[in-house]
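K.L.:
Here's my sequence, what's the structure:
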Amino acid sequence: MNQPLSQDALDQIFLQARTFASNPNPWQERAVPDALLEQVWNLARMGPTAANCSPARIVFVRSPEAKARLKPALDAGNVEKTMSAPVTAILAIDLQFYDKLPYLFPHANARSWFAGQSDEQLYPGALRNSSLQGAYLIIAARSLGLDCGPMGGFDAAKVDDAFFAETRVRSNFLINLGYGRRDTLHPRSPRLAFADACSIV
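P.N.:
Have a look, this model is predicted:
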């Protein structure tokens with residue numbers, strides 16, 4: 001039987017966690033090792049997607065060469081915070097995700113449900129499920145002690161040309177990853193109360 005997480009865990013993942021996206025340079029100069037990124041993925045991949053389709057593909061941008069490829073695609077307000085981040089995850093969508101379904105969903109011929117559809121037909125479901133996986137990635141990263149700065153504010157076509165040329169992979173959003181400088185944070189923005197966002201029927 002599942003047990004509630006401790007208050008400390010809830011604080012780290014949700015209640016005291018902050019989004020490091022709005023300040024120009026919110027990151028400590030502290031490296032994020034490859035093994036930790038692999039741990040983040042190994043947690044995030046366990047979250048549910050429809051028919052276990054798992055369409056998210058992630059490029060962890062860290063090297064100076066890769067950052068130089070990413071930089072021209074960024075909106076001006078996102079350049080400094082992204083270039084100073086130890087890692088930027090490009091959360092992307094593989095529109096040929098169905099080729100993995102014989103492995104991911106072996107108890108049915110799930111590949112046949114999607115193969116032959118156009119990219120336009122596949123995109124809504126792939127976008128929805130890859131976005132779920134992006135959210136799982138944020139929760140996994142926070143669970144392992146990292147801070148996150150998810151963002152739009154980039155030219156998706158330029159990112160796709162730079163990182164996914166001649167594939168059916170399309171960028172969805174970016175997540176800067178590292179260890180945030182809490183001295184740079186502004187007061188936390190409010191959230192909607194239950195009554196303002198939810199109903200029970």
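K.L.:
what residues are up against Phe20?
P.N.:
Pro26, Trp27, Lys81, Asp147, Cys148, Gly149, Asn176, Gly178, Gly180 (C-beta atoms under 8 Å, 6 or more residues apart in numbering). Where C-beta positions appear, they are placed from N, C-alpha and C, glycine not excepted.
K.L.:
The one helix or strand the third one maps to - contacts with which helices or strands?
P.N.:
Assignment of secondary structure by DSSP states H and E places Lys81 within helix 76-83. Judged by 3 or more C-beta pairs under 8 Å, 6 or more residues apart in numbering; DSSP states H and E, helix 76-83 is in contact with helix 64-70, strand 169-178.
K.L.:
Beyond that helix, next helix or strand please.
P.N.:
Sequence-wise, the next helix or strand beyond helix 76-83 is strand 87-94, with elements assigned using DSSP H and E.
K.L.:
Quick one: mean pLDDT for the following helix or strand past that following strand?
P.N.:
Sequence order places helix 101-104 as the next helix or strand after strand 87-94, per DSSP H and E. In this model, helix 101-104 carries a mean pLDDT of 98.
K.L.:
which parts of helix 101-104 are buried?
P.N.:
Leu101, Leu104 (16 or more other C-beta atoms under 10 Å).
K.L.:
State which helix of the chain is the longest.
P.N.:
What stands out as the longest helix in the chain, according to DSSP state H, is helix 119-143.
K.L.:
Mind listing what's buried along that helix?
P.N.:
So for helix 119-143, counting by 16+ other C-beta under 10 Å, buried means 122, 125-126, 129-134, 136-143.
K.L.:
measure stretch 110-120 end to end?
P.N.:
19 Å (C-alpha to C-alpha, to the nearest Å).
K.L.:
Please apply the same query to stretch 9-23.
P.N.:
Using C-alpha to C-alpha, first and last residues of stretch 9-23 are 25 Å apart.
K.L.:
same question for that stretch, mean pLDDT?
P.N.:
91.
K.L.:
for this protein, which residue is closest to the average position?
P.N.:
Gly134 (3.2 Å; C-alpha atoms, centre = their mean).
K.L.:
Quick check: that residue vs Pro106, distance?
P.N.:
To Pro106, Gly134 is 25 Å away according to C-beta to C-beta, to the nearest Å.
K.L.:
Ok, Gly178 next?
P.N.:
For Gly178, the distance to Pro106 - C-beta to C-beta - is 37 Å.
K.L.:
If you count surrounding residues, which of the two has more?
P.N.:
Gly178 (23 against 10; other C-beta atoms under 10 Å).
K.L.:
tell me the contacts of the more buried one?
P.N.:
Phe20, Trp27, Gln28, Arg30, Val32, Ala85, Pro86, Val87, Leu146, Asp147.
K.L.:
Gly180 is in contact with Arg18, correct?
P.N.:
Yes. In this structure Arg18 lies within contact range of Gly180 using C-beta atoms under 8 Å: 6.6 Å.
K.L.:
which of those two has more neighbours?
P.N.:
It is Gly180, of Arg18 and Gly180, that has more neighbours when counted by other C-beta under 10 Å, with 24 against 16.
K.L.:
so what's that one closest to, chain neighbours aside?
P.N.:
Asp147 (3.7 Å; C-beta to C-beta, 6 or more residues apart in numbering).
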